[in-house]
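Colleague: predicted model and sequence below, questions to follow.
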Amino acid sequence: MEPLAIAEKIKERFPDEVLEIKEFRRQVSVTLRKNRIRDIAQYLHDDPDFYFDYLIDVCGVDYLGKKEKRFEVVYQLYSIKHRHAIRLKTEVSEEDPAIDSVTSIWAGANWHEREAFDLYGIRFNGHPDLRRILMPEDWEGHPLRKDYPLKGLAKEWSGFEEVLEKSKKYKQYEWQG
C-alpha cells in the first residue's frame, strides 16, 4: 500500500487525531495529537492491511522558538511483510513533555524512549523502566535540548573526579601495542 493511502486510512479511522499529512519525496509524515498515539500505533501494528511490525526508530526533536509546542516525538514504522513505511509525529509541549509509551506494542521502543527521555526530557507514560540510558543517573539537564549550554553545565558533573581516579587506577591494564 502506498504511504499516502495509509495516511488517509489513519485519517478515516481517527479523524479528530490527524492534524496534518505531508509528503516529501515519497515519504509521508502524519502529524497527530498525542492523546491517542498508543491506540493509533496499536491499530497500525495489528491491522492485517498495514501490519507495521517493525518500529525503526522513536526520537525527539526540539523546536525551541520555532513552534508553539516545543518538542516533537517521531516514530518511523515499517512493515516487513508488506514493505511499506510511514512516519508518525506528535507534538509535545514544554510545560507537559509527556506522551504514552508504545513499548507494549513494540518492545524495541524501550531503548528509543529512554534515549528521548534522557536527552530531551520527554516522559513516556507507562514505560516499564524510564531512566537515563546514555548519561549518568545523577546528570543534571538534558543535553540535546536547544537551551542546554554548549559547554555543558557551569559546574562539573559530580561523578567526574571518580571517573578520573578509576581511569588512573586501570591505566596499567591498557594495551601498549
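Modeller: Great, that's in hand. Numbers count the residues shown, from 1 in each chain.
Colleague: now the strands for the chain?
Modeller: Shown for the chain, the strands assigned by DSSP state E span residues 18-24, 27-32, 54-62, 71-79, 84-92, 98-100, 123-125.
Colleague: and the second one, what's buried?
Modeller: For strand 27-32, the buried set under the neighbour-count rule, 16 or more other Cβ atoms under 10 Å, comprises Val28, Ser29, Val30, Thr31, Leu32. In short, each C-beta sits where N, CA and C put it, glycine included.
Colleague: which sections of the chain are below the confidence cut-off?
Modeller: Counting by pLDDT under 70, the chain has low-confidence residues at 152-158, 160.
Colleague: so which residue is dead centre in it?
Modeller: With distances taken as Cα atoms, centre = their mean, the chain has Cys59 as the residue nearest its mean C-alpha position (2.7 Å).
Colleague: so for Lys171, which of the strands of the chain sits nearest?
Modeller: When these are ranked by proximity to Lys171, the top entry is strand 54-62, at 36.6 Å, counting by Cβ to Cβ.
Colleague: that closest one: which residues count as buried?
Modeller: Neighbour-count burial for strand 54-62 flags Leu55, Val58, Cys59, Gly60, Val61, Asp62 (criterion: 16+ other Cβ under 10 Å).
Colleague: save those residues as CSV, and put in distance to Ile133 too.
Modeller: Converted to CSV, the buried residues of strand 54-62 look like this (distance: Cβ to Cβ, whole Å):
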residue, distance to Ile133
Leu55, 16
Val58, 12
Cys59, 13
Gly60, 13
Val61, 18
Asp62, 18
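Colleague: wait, which of those is closest to Pro97?
Modeller: Nearest to Pro97 among those, counting by Cβ to Cβ, is Gly60 at 8.8 Å.
Colleague: need the contact list for the closest one.
Modeller: Counting by Cβ atoms under 8 Å, 6 or more residues apart in numbering, Gly60 touches Phe71, Glu72, Val73, Val74, Ala116, Leu119, Tyr120, Ile122, Leu144.
Colleague: swap in Ala85?
Modeller: Taking Cβ under 8 Å, 6+ apart as the definition of contact, the neighbours of Ala85 are Pro3, Gln27, Ile56, Gln76, Leu77, Tyr78, Ser79.
Colleague: ok, and the most crowded of those?
Modeller: Leu77 (23 neighbours; other Cβ atoms under 10 Å).
Colleague: ok, that one touching Tyr51?
Modeller: No - with contacts defined as Cβ atoms under 8 Å, Leu77 does not count as touching Tyr51, sitting 10.2 Å away.
Colleague: ok, back up a step: most neighbours, which of the contacts of Gly60?
Modeller: Ala116 (27 neighbours).
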